[in-house]
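Q: Quick one, what's the 3D model for this:
(chains A and B)
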Amino acid sequence: MIDTSRLGIDYGVLLPELVVTATALLVLVLDLLIPPGRRRWLAAVSALGLLLALLATVPLWGADRSAFSGTVIGDSFAAFFDVILLSTGLLTVLISPRFLRSLGLEYGEYYVLTLAAMAGMMLLAAATSLMTIFLGIELLSIALYVLAGFARRNLRSQESALKYLLLGGFASGFLLYGMALIYGATGATTLHGIAQFVGASGSSVLLLVGIGFLVVGLAFKASAAPFHMWTPDVYQGAPTVVTTFMSVATKAAAFAVIGRVFVAAFPTIRADWYFPLAFVAIVSLGIGNFVAITQSNLKRLLAYSGIAQAGYILLGILPGSSEGLAASLFYVAAYAVMNFGAFAVVTAVETRVGEGGTEIPAWTGLFYRQPLLATTMTVFMLSLAGIPPTVGFFAKLFVFRPLVEAQLWAPLAVAIVTTVISFYYYLRVVVVMLTAPEEAGRPAREPVSRVMGAILVFCSIATIVLGVFPTVVFDWARTAAALHL
Amino acid sequence: MSTLAPLVLLLPLAGFLVNALFGRLLPRRVVAWVGAGSVGASFLVVLAIFGQVLGGQRLDQTYWSWWSTGDFSVPFNLYIDPLSTLMMLVITGVGFLIHAYSIGYMADDPGYSRFFAEMNLFVLSMLLLVTSGNFVWLIVGWAGVGLCSYLLIGFWYERTSAVLAARKAFVMNVIGDVGMVFGAFVIFLNLRALDYGTIFARLHQLPRGGTVITAICLLLLVGAIAKSAQLPLHTWLPDAMEGPTPVSALIHAATMVTAGVYLVARMHLLYDWAPTAAAVVAVIGALTAFFAATIGTVQVDIKRILAYSTMSQIGYMFLAVGIGAYAAGMFHFMTHAFFKALLFLAAGNVIHAFRDDQDIRHMGFLRRGLPITFWTFLIGTLSISGAPLLAGFWSKDEIIRSALTGTNTLTVALGVLALITAGLTAFYMFRLFFTAFGWEWLAHDERHLHEAARVQTVPVMVLAVFSVIGGYFAVGSFLNPVFGEARQIGAGAQIGIGLVAVVTALAGFLLAYQLYARRPALAPAIQARLRPVHTLLWRKYFIDELYDRIFVRPGYALGAFLSGVFEPRVLDGLAAGVVSFVQLVAGDWRTWETGRVRRYALWTLGGAGVIAGYFAWVLLVARSAP
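A: Numbers count the residues shown, from 1 in each chain, chains lettered A, B, ... in the order given. Prediction:
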């Protein structure tokens, strides 16, 4: 008999992940059993599973349960990200059926893959070892490669899947090589072990190169520049619901790892990792905000906006303090709400108009045709730009403040200048929607589906309410950011 | 108390929301009930709080924390002590009477529900202003009352004069708001706190009378004088009379304009710590009192005379809080709220009777037609003039006494000025009374004036009662816990100064009686004799013209220059330059996005190269250097 207690087997820590995985398997089987006309029941089952998983995160709050030989942990940090990821997944599943039907893509695999990606992301939020991190990243990536090419007859979708796969493999190479070097330098794969070694012996050449490669791999997943090149093509080509999910959840998961690794495992050598992360942040802010200006396709515009937003989130990591990390976590939550909302509006418009619906000219006078879509989109755009009283304002304020305290003036200056530039393209969307259409007779109003309407209203109200009462979430973020290993 | 205090705020808020959102759909009766009822209910809650405060209870409770980062946090805390209780009592009590009066006064107005919604919002903001326990919410309330004042002055927005008056009030108030915000900012910079409790506790870290504390007090004073229409930011108040009369009574007489006095009294520990700033408060108060009273002697618009009178009386309050007689200032605030609200509401009845004519020279012979208004207005006039044993006598007397028995020459000099102003007050008030209400009671009246409806006369009568008995409320001892024991003055001095004040007021009354009741022909003759003086007062010391020359016209000229020359030539050029630069960069960068996977991979490699290069530099150059 093997003494299992020494392995630290504690399934409770992974309960949310297990629930999601089980739901995925259940949906896979159900897909074979139910007739094709009833596939939206699969969405209902998936949603139910995600809700259960959400419940399963409750015991993790305030816990500090390291399990499976220190490879995963159940703590507030993991729970914080689980809530963001699960909520995003839930909303995605809810808006999917109608969109998929409009493209003739109503297949059960969609839900299986989405749930699998979710499981990978949640594993990342809980991962405390290089092995589990890699496992999580591969799990989410492989599912997303397929999802990006889910529109099988659409050439762009195929192209985006292939690009994502090739470049993703390339980045995984960096990641894995970085991990190998870190292991070589420290002789440990768990973050706890690495932190102990680094705390005792400081950095070395091997470790630094390893960290550099790790940054490359993670920045790729977070679509931060200059490792972002895949983002616009993939976002544009993938089915819009997939883009919605990817843009929010993948980024959140990547930042869960970045936050845990850099703030918790390498706090003693902040001077060494500061440059690579600051470099990535500054380049992301610059490229994201500048290139977004010239985009004529909304999905591409939001892709560059997402690159810039990744830059803002990184800013909170730079000081290496838990207050800064809390700011980053708050930003991730804010980003999830507002960016999901923005992409959901794009999904709704595309459901109506068809593929041309993502081109900006198609949005002219949207306010007069679909006031709900245009109004909620305005809220999301203002929030992404960071205008009070939306949550985006406080998100920016909170990440800027630790920079002031740590006196990191260069990233702060870049952030402020590029924020001003970003107003141009965010507000341009609003202006386009408000511009009256040229043709004399206004087209009749087209109603939005009830589920979509409810979700959009929910997201926009959340965007404003969190802008008025930011403390609620910020206190959670603080709890979550008080990390242990 | 901790549950009652938010209720005081929530009731007017509910009234505001109902009338603002559904007012147009509801019948007028309901609008009126909601509008006046919410304030009345709030008053009942305040009475309950008053009882608890009398029993010695206090409250400084944080209900929720808006946000906090690092050592900076913005809590929402309510601060209930005798001072804020007194303010709440007057705001909701007098406020309720004025709301009830408005039911009749605004009965035919198409903007009925809008009126009540804005009035309720005002009451909410004003209550927030006096109950807030920190500067952030004080400023929110402060700006809120300014906004409501702006909206209600311009209530009849189809009149150009009303819109201009509203704009003027807004601009003047914003100047004050800026002062306030800067004051709060300097406080935070130096004391790292915005809530009163901490500010008061840390106050002594600052040197007494030093630059910092003086600057704080003066900046706050800018806000106070703008809100309270004191020199030199006073010109908006007479124009504000463009609003409906209940608005003038509530906002521009009883409550909002006294916010400056409240601010100084609330921050009395700060002003005690900055004697120079306190002296400035006193000087501004006394000068305004005198200055406004002189203008009041020649004006002919009934509401404008009352507006100058308000400025003058608030000047008294400023004088009081400037010389440290805080309780006396707040006492006068309360009695003034009674008799000035009374005077405005009664004037409103007169204006209605004369179909919106406000010129006192067109009025007269009101005793028959409007008996209730006549007698109540007389009571108000007597009270403000300082007739013995009425409310105004006690409170004004206390201020004059405190000043005259002051320890330094400046205070005594200001006291003398206040005494002279008391004479002027009696003069201009009785001039108004004799001219508008008519001393010659026996003359025949052919105009068939009608008394206002019951809903308008009852509030006026209630206020008249308080204008008589208000002087016997022991405000001073009620406020003792806040300000400490008042300085004791000997009985001889007390009676002596009281007598002098009465005699002065009597002189003013007799002069008015001679000129405007007994020998009406005399007034124009004297006016002709003193033409330059009369012109100076008639044109209000030419201050509006002065501001027009110094600020308004150069402002317009600057605006014309900016929009005509600077913007099209310089700014647009600059903007076009920036835009074309950004677009150039963006367009250039965009071409990097070629869609070719190999290029993309190269980028990744390049990025990794930069990072590797940096580490190489660190390891080879930076670390090896000694």
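Q: Which parts of the stretch 301-450 of chain A are helices?
A: Ranges of helices in the stretch 301-450 of chain A, per DSSP state H, counting those that start in this stretch, are A:322-353, A:366-369, A:371-385, A:391-405, A:409-434, A:450-468.
Q: How far off centre is the second one?
A: Remark: helix A:366-369 is offset 30 Å from the chain centroid, using Cα atoms, centre = their mean, to the nearest Å.
Q: where are the low-confidence patches of the chain?
A: No chain in the question, so chain A it is. Along chain A, segments meeting pLDDT under 70 span A:1-7, A:438-446, A:484-485.
Q: wrong one, I was asking about chain B
A: Residues of chain B meeting the criterion pLDDT under 70: B:68-71, B:439-449, B:486, B:590, B:592-595, B:622-626.
Q: remind me, longest strand of it?
A: strand B:59-69 (DSSP state E).
Q: Could you list the buried residues of whichever helix or strand comes after it?
A: Next in sequence after strand B:59-69, counting helices and strands by DSSP states H and E, comes strand B:72-80. Neighbour counts over strand B:72-80 (16 or more other Cβ atoms under 10 Å in any protein chain shown) mark B:73-80 as buried. From N, CA and C alone the C-beta is placed, and that goes for glycine too.
Q: Help me confirm that B:Phe338 comes into contact with B:Val462.
A: No: using Cβ atoms under 8 Å, B:Phe338 makes no contact with B:Val462, being 9.3 Å away.
Q: more crowded one of these two?
A: Between B:Phe338 and B:Val462, B:Phe338 has the larger neighbour count (other Cβ atoms under 10 Å in any protein chain shown), namely 30 against 20.
Q: Give the full set of residues in contact with that one.
A: Counting by Cβ atoms under 8 Å, 6 or more residues apart in numbering or on different chains, B:Phe338 touches B:94, B:383, B:391, B:463, B:466-467, B:470.
Q: Nearest residue to it in space, please, no chain neighbours.
A: Nearest residue to B:Phe338 in three dimensions, chain neighbours excluded: B:Phe466, at 4.2 Å (Cβ to Cβ, 6 or more residues apart in numbering or on different chains).
Q: and that neighbour, how many neighbours does it have?
A: Look at B:Phe466: counted by other Cβ under 10 Å, it has 22 neighbours.
Q: Check the one 3 residues further on too.
A: Residues near B:Ile469, counting by other Cβ under 10 Å, number 13.
Q: Nearest residue to it in space, ignoring adjacent ones along the chain?
A: Distances taken as Cβ to Cβ, 6+ apart place B:Ala391 nearest to B:Ile469, at 7.0 Å, with adjacent residues excluded.
Q: do the same with B:Leu269
A: For B:Leu269, the spatially nearest residue (Cβ to Cβ, 6+ apart) is B:Phe200, at 5.3 Å.
Q: Distance check, the one you found against chain A.
A: 25 Å (Cβ to the nearest Cβ, to the nearest Å).
Q: who's in contact with stretch B:171-190?
A: For stretch B:171-190, contacts defined as Cβ under 8 Å, 6+ apart pick out B:72, B:135-136, B:138-139, B:142-143, B:146, B:149-150, B:193-194, B:199, B:205-206, B:212, B:215-217, B:219-227, B:233, B:235-236.
Q: Restricted to buried residues, select these in ChimeraX.
A: In ChimeraX, the members of the contacts of stretch B:171-190 classed as buried (16+ other Cβ under 10 Å) are selected with the following command:
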select /B:135,136,138,139,142,143,146,149,150,193,194,199,206,212,215,216,217,219,220,221,222,223,224,225,226,227,233,235,236
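Q: Can you tell me which of the contacts of stretch B:171-190 end up in strands?
A: In strands, judged by DSSP E, the following of those are found: B:Phe72.
Q: Against which helices or strands is the helix or strand where A:Gly199 lies packed?
A: If you go by DSSP H and E, A:Gly199 is part of helix A:191-201. Where contact means 3 or more Cβ pairs under 8 Å, 6 or more residues apart in numbering or on different chains; DSSP states H and E, helix A:191-201 is packed against helix A:155-186.
Q: Buried residues of the helix holding A:Gly199, list them for me.
A: Neighbour-count burial for helix A:191-201, counted by 16+ other Cβ under 10 Å, picks out A:191-195, A:197-198.
Q: Please tabulate the buried residues of strand B:72-80 in a markdown table, including the columns distance to A:Gln407.
A: Shown next, in a markdown table, are those (distance: Cβ to Cβ, whole Å):
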| residue | distance to A:Gln407 |
| --- | --- |
| B:Ser73 | 22 |
| B:Val74 | 24 |
| B:Pro75 | 28 |
| B:Phe76 | 32 |
| B:Asn77 | 32 |
| B:Leu78 | 38 |
| B:Tyr79 | 36 |
| B:Ile80 | 42 |
